[in-house]
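Fold the following.
(chains A and B)
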Amino acid sequence: MASVKEMRTRIGSVKSTQKITKALQMVAAAKLRRAQQAAEAARPYAQGMANVIANLAAGVSGPSAPLLLAGTGSDKRHLIIVATSDRGLAGGFSSGIIRAAREKISTLVAEGKDVKIIAIGRKARDGLRRAWGNRMIETFEVGLKSPNFALVKPIAQHVLDAYTNGEFDVVTLVYSSFKSVVTQTPTVRQLIPAVVEKNAGTAFYDYEPDEDTILAALLPQNISVQLLSAMLDNQAGFFASQMTAMDNATRNAGDLINALTIQMNRTRQAQITKELIEIISGAAAV
Amino acid sequence: MADKILFELVSPEKLLLSKAVDMVTVPGTEGYMGVMAGHSPLVSTLRAGMIDMKDEGVDTRFFIRGGFAEINPNKVTVLAEEAIPMSEMDLAILDQRIADAQEDEIAAKTDADRARAAQMIDDLKLVRAAF
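Got it, this is the predicted structure:
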């Protein structure tokens, strides 16, 4: 059995771990509030854009429809964009996304499709590199700042360039959609060809300049918007996950400290009792 | 002027404004247009320019750098790529945007991109002249 001194050091080390997890939890909670606001604030734009596109797409179809909407007519070559966080200590947040991505990629590979990967976030890069490193064409880091439009622009541009050059037929995004602080669901969403929500009440709009021009401008923009809202969702989800994970860790550390303290006290008491018995039996022998 | 029209100004990062107003003037690609309640449904692309919002005789202006407007009889939604209230705007920001656009023009790979950047520079210079 460990000595009282050893146990005291052990308790001390668990206590300092607990301090760290507690601090991380509070930092995550503070950042979560901001990230959640940002994620929610970005929704009206994405929603507005989806509405306009849905209205437009209802009127435009057939061979004149833009490539981003109609697709290339093939689904042989896939691009999967996997967006996670840069950092860990957030429970199963990133691994959930990576698992969803793996399933998707495995299915596609098994079907004989040609799959390429873009990783956003260090966790996505590291998590997919071993199995599919040769398929990874580009990696991006999330960075420390909250995701903004300037951050996703180059990524979206990269994807669009590759698409217009005819490198891919289908582009899919894997991220974690932020439902609430306790629920984040890894989500697989097709970006290109654009999936249009069917809405019943389509108003009859006039278009200025005309449908095709507007769609041609809107669809690329929509890619950036979807990427941005995915990354904002990720950011909020990451902090929510981290907060929960660190809360659990703090609680576990507390339990461990209690258990160790009891054990230490018992050991100390046993030692005292033993010494007393020795003294008493020594005195009795005299 | 009894009827008001709900005006929403949205940038990718957030909803900047949602308010019932008397009239909104937006910089459409084919010219500035004033929108009041009862406007016929219209979707238009926007160029860089000023949004002018009139309500109860008070003018509020916003700078936007391109985007879209969705107009319904009772609601105008402006989806701006970037929107800055005039009160927070200064020449330095504008000059920075012009410099960015000029870089875009140089870096443009296709004619369409170059034309778009050139258009952006022209629009921004117009805004700057009016500043």
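
Get me the contact residues on chain A for chain B.
Neighbours of chain B within chain A, by CB under 8 Å from any CB of the partner chain: A:38, A:41-42, A:44-45, A:48-49, A:51-52, A:55-56, A:148-149, A:161, A:203-209, A:213-214, A:217-218, A:221, A:224-225, A:228. From N, CA and C alone the C-beta is placed, and that goes for glycine too.

residues near residue 21, how many?
In the absence of a named chain, this looks at chain A. The tally of other residues near residue A:21 (other CB atoms under 10 Å in any protein chain shown) stands at 20.

that answer is for a different chain, and I need it for chain B
Counted with other CB under 10 Å, residue B:21 comes out at 20.

nearest residue to it other than its sequence neighbours?
The spatially closest residue to residue B:21, leaving aside those adjacent along the chain, is residue B:55, at 4.0 Å (CB to CB, 6 or more residues apart in numbering or on different chains).

Who are the contact partners of the one you found?
B:4, B:19-22 (CB atoms under 8 Å, 6 or more residues apart in numbering or on different chains).

still on that earlier bit, filter the residues of chain A next to chain B down to just the buried residues.
A:38, A:41-42, A:44-45, A:48-49, A:51-52, A:55-56, A:149, A:205, A:207-208, A:214, A:217-218, A:221, A:224-225, A:228 (16 or more other CB atoms under 10 Å in any protein chain shown).

Where do the domain boundaries of chain B fall?
If you go by automatic domain parsing, the domain ranges for chain B are B:5-86, B:90-130.

So which of those is nearest residue A:87?
Residue A:87 sits nearest to domain B:5-86 of all the domains of chain B, at 22.6 Å, using CB to CB.

gap between the two ends of that closest one?
Its first and final residues considered, domain B:5-86 spans 21 Å by CA to CA, to the nearest Å.

Now do it, average pLDDT.
Summarised as a single mean, pLDDT over domain B:5-86 is 88.

Which single residue of chain B approaches chain A most closely?
Per CB to the nearest CB, residue B:14 is where chain B lies closest to chain A, at 3.5 Å.

What are the phi and psi values at that residue?
phi -160, psi 170 (degrees, to the nearest 10).

give the contact list for it.
A:38, A:41-42.

which one of the residues you listed is nearest chain B?
For the contacts of residue B:14, the nearest to chain B is residue A:41 (3.5 Å; CB to the nearest CB).

List the contacts of the closest one.
Contacts of residue A:41 (CB under 8 Å, 6+ apart): B:13-15.

Let's see that with 10 Å instead.
Going by CB atoms under 10 Å, 6 or more residues apart in numbering or on different chains, residue A:41 touches A:232, B:10-16.

can you tell me which of those are in strands?
Per DSSP state E, strands hold the following members of the contacts of residue A:41: B:10, B:15-16.

Just give me the longest helix of chain B.
In chain B, with assignment by DSSP state H, the single longest helix is helix B:111-130.

Establish whether that helix and chain A are in contact.
Yes: Helix B:111-130 comes into contact with chain A (CB under 10 Å from any CB of the partner chain), by way of B:112, B:116.

List the buried residues for that helix?
B:116-117, B:119-121, B:123-124, B:127.

Rank the helices and strands of chain A by mean pLDDT and give me the bottom one.
helix A:67-70 (a mean of 75; mean pLDDT, DSSP states H and E).

So what's the gap between it and the chain middle?
How far helix A:67-70 lies from its chain's middle: 28 Å, per CA atoms, centre = their mean, to the nearest Å.

tell me the mean pLDDT for stretch A:158-166?
86.

Please save the CA atoms from that stretch in PDB.
Extracted as PDB, the C-alpha positions of stretch A:158-166 are listed here (Å, rounded to 0.1, in the frame of the first residue of the first chain):
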ATOM      1  CA  HIS A 158     -10.600  26.700 -54.100                       C
ATOM      2  CA  VAL A 159     -13.600  24.400 -54.300                       C
ATOM      3  CA  LEU A 160     -15.300  26.400 -57.000                       C
ATOM      4  CA  ASP A 161     -12.100  26.600 -59.100                       C
ATOM      5  CA  ALA A 162     -11.700  22.900 -58.900                       C
ATOM      6  CA  TYR A 163     -15.300  22.400 -59.700                       C
ATOM      7  CA  THR A 164     -15.400  24.700 -62.700                       C
ATOM      8  CA  ASN A 165     -12.200  23.000 -64.000                       C
ATOM      9  CA  GLY A 166     -14.200  19.800 -64.000                       C
END
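
In contact with the residue nearest in space to the middle of chain B, which residues are there?
Per CA atoms, centre = their mean, the C-alpha nearest to the average position across chain B is that of residue B:64, at 3.8 Å. Taking CB under 10 Å, 6+ apart, we find residue B:64 in contact with B:9, B:11, B:16, B:26-27, B:46-51, B:78-84, B:127.
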